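Enquirer: my questions concern the predicted model and sequence given below.
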Amino acid sequence: MVYTLCLLLFMIGLYGVLTQKNLIKIIIGLGIMEYAVNMLLIMIGYRHDGIVPILEAGMDVKKFMATAVDPLPQAMVLTAIVINVAVLALSIAVAMRLYQKYGTYDITEIRRLRG
Amino acid sequence: MNIDLHTLLPLAIAIPLGMGFILPLLGKKLTRLADTLATLATALLVCLSVLLLIGLHQAGKPQVYWFGGWSVTASGTVFGINLVLDGLSALMLVVVAVVSFAATLFSTRYMDRYTARGKYYSLFMLMITGMNGCILTGDMFNLYVFLEIAAVSSYALVAFGCERDELEASFKYLILGCVASTFVLLGVALLYAQYGALNMAQLGQRMSMVAPGRGSILALLLMLSGLGVKAALVPFHAWLPDAHPSAPAPISAMLSGVLIKAIGVYAIIRIVFNVYGFNDQLGMALMVLGTLSMVVGVVMALNQWDFKRLLAYHSISQIGYVILAIGLGTPLGILAGLFHLANHAIFKSLLFLSAGAVDYRTGTRQLEEMGGLAQRMPSTARSSMIASMSIAGVPPFNGFFSKLLIIIACVQAGRWGFALWAVIVSILTLASFMKVQKYAFYGQLKAKWAQVKDVPLIMRCSMALLALLCIAMSLLLIPGLKAVVLDSARDALVQGVDGYRTAVSALLGAGS
């Protein structure tokens, strides 16, 4: 059920990227897509009533492995967040420069390259 | 001579990464130092990749480097991230290194028209890091990370001139590229959810034990779409005709020559052959995508009058050839596809560099405004003619042999329709390049170009180097060289999922 909601969020973000005319709204749509994928990744690692995946001294390893939440998707999400921040920064910088050159954020008017 | 591959292998990523961090520190005053350092770094990469190729041939089997000492446990669970050097990776490394070297040589003078040279080289080096990492890695998520490193650097490099066209092209490329990367990440996430493994060898093993479920098929579709955007396959090609012309010429050469191959085509074929396992439906899908790219690319190119936009459409077309050949699945088809991949890197980057040279001296990319430039720029014209004949498939240049092999492979596999399309597209490519050569270099010398000189020596040298390679790479079909370079690359793919798995670790046997 949660996975369906994550994918729905992904679709909403994709819809935003595909249909919006404002550059900033497209970037926001992209951000929503990325959030959806990150949430999906974390949800994949979830275990019902799971404990934090930190092995403390004196813990039984087998019991730990059976109850801990999967840490690997969390590591993946951290990396993905960093990548997304970089892309977000670059896209906003390009959008700002585009505004300086074209005077508008509207993509229907930023269409000099064609054919 | 004993080559220690385990020390050399991570250097392929470490050298450009280190350079990428040092070079932006060299500001406006030290641009010549930035040029020299960048040239040295790429020259070092060329030597390193050739050493790795020779060392691999000596060792006889694929080499694996595990990061941080983490490795495979005795029970067969993979804990670390690894770099895998097999025939295909070695070939791609050499191709990336050679084209990067030529592009760096060219940039030392071409980028005089732009500012922020240190940052340019930094982004350039990061792009090379991303590509090398993508080629070498044996882990799916690591593939995504390096893919993003290369892609984000290329988004910034396309926008480097900060003019209207370049920013628009960069934004379009950025949005499409990001959506594509998100698709790839979603595919990796779904695969992890289903099989609990990120390492390519382990993933292949776990996938081969069960029939493909809906999860893995959805993941494959997502990844093919995402990587298809990166490889500029039709219908995912919309960013390429805008992005490649807008970038500075050496970056166009890198983008078209190696980036779409290293992060697009290479990633697709690695996933299809060594993780999922090749079957006929996948092959047919690849062949259809390839043929579509071939035909659409060349038909759109016939209409173009902007030199670099025309070259960009031809890139789409030639990548279609590669995907078609690899989609055949037969050993000859795979060999032909990989040979054409390497050849295309060389002659397409040479074409973009010569377009850049013409742009450097005349200030225009429109074919109708050029004319008779061969009289004033003889060296550029010669290199451009060699590259045009290569792409059109004229013997004895490398393009002829690889296209011939592709057509023979299609015929041998019984795919007459695809072979016919390949021949038609080849004829149309020849027509298109005859037009380019006539309008740009031959014909009447227009009065306004009567005073242009040829490009500086170092730019001519880099183009001459690539032109020599265009001729020399035909020799790669000689049995001795073929065994070292092409056959080992083909075998890396033909061995499929099982061969890849045993190559990575004997501990990943059946079970687990």
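Expert: Here it is on my side, so go on.

Enquirer: distance of the residue nearest in space to the middle of chain A from A:Leu7?
Expert: For chain A, the residue nearest the mean C-alpha position is A:Glu34 (1.9 Å; Cα atoms, centre = their mean). Per Cβ to Cβ, to the nearest Å, A:Glu34 is found 14 Å from A:Leu7. Yep, even glycine has a C-beta here, placed from its N, CA and C like the rest.

Enquirer: same deal with B:Leu190?
Expert: B:Leu190 is 10 Å from A:Leu7, by Cβ to Cβ.

Enquirer: report the longest helix in chain A, please.
Expert: helix A:71-102 (DSSP state H).

Enquirer: what residues sit buried inside it?
Expert: A:72-73, A:76-77, A:79-80, A:83-84, A:86-88, A:90-91, A:94-95, A:97-98, A:102 (16 or more other Cβ atoms under 10 Å in any protein chain shown).

Enquirer: same thing with stretch B:13-30?
Expert: Here stretch B:13-30 shows B:Ile13, B:Ile15, B:Pro16, B:Leu17, B:Met19, B:Gly20, B:Ile22, B:Leu23, B:Pro24, B:Leu26 as buried, counting by 16+ other Cβ under 10 Å.

Enquirer: what is the neighbour count of the residue of the stretch 251-400 of chain B found nearest chain A?
Expert: Using Cβ to the nearest Cβ, B:Asn303 is the residue of the stretch 251-400 of chain B that sits closest to chain A, at 7.1 Å. Residues within reach of B:Asn303, counting by other Cβ atoms under 10 Å in any protein chain shown, total 11.

Enquirer: can you find the helix or strand in chain A with the smallest mean pLDDT?
Expert: When each helix and strand of chain A is scored by mean pLDDT, DSSP states H and E, helix A:61-67 comes last, with a mean of 83.

Enquirer: contact partners for the residue nearest to the centre of chain A?
Expert: Contact analysis of A:Glu34 by Cβ atoms under 8 Å, 6 or more residues apart in numbering or on different chains lists A:Gly13, A:Ala80, A:Asn84, B:Cys178, B:Thr182.

Enquirer: what distance do you get for it to B:Leu126?
Expert: 21 Å.

Enquirer: go on, B:Gly371?
Expert: 39 Å.

Enquirer: then B:Gly327?
Expert: On the measure of Cβ to Cβ, B:Gly327 and B:Leu126 end up 32 Å apart.

Enquirer: higher neighbour count, these two?
Expert: Using other Cβ under 10 Å as the criterion, B:Gly327 and B:Leu126 rank with B:Gly327 on top: 28 against 23.

Enquirer: show me what the strand or helix carrying B:Met284 is packed up against.
Expert: B:Met284 is located in helix B:280-302, with elements delineated by DSSP states H and E. Applying 3 or more Cβ pairs under 8 Å, 6 or more residues apart in numbering or on different chains; DSSP states H and E, we find helix B:280-302 packed against helix B:307-328, helix B:416-440.

Enquirer: what does the last one contact?
Expert: By Cβ under 8 Å, 6+ apart, the residues outside helix B:416-440 that reach it are B:287, B:291, B:294-295, B:298-299, B:301-302, B:307, B:310, B:314, B:317, B:320-321, B:324, B:358, B:367-368, B:370-371, B:373, B:384-385, B:388-389, B:391-394, B:403, B:406-407, B:410-411.
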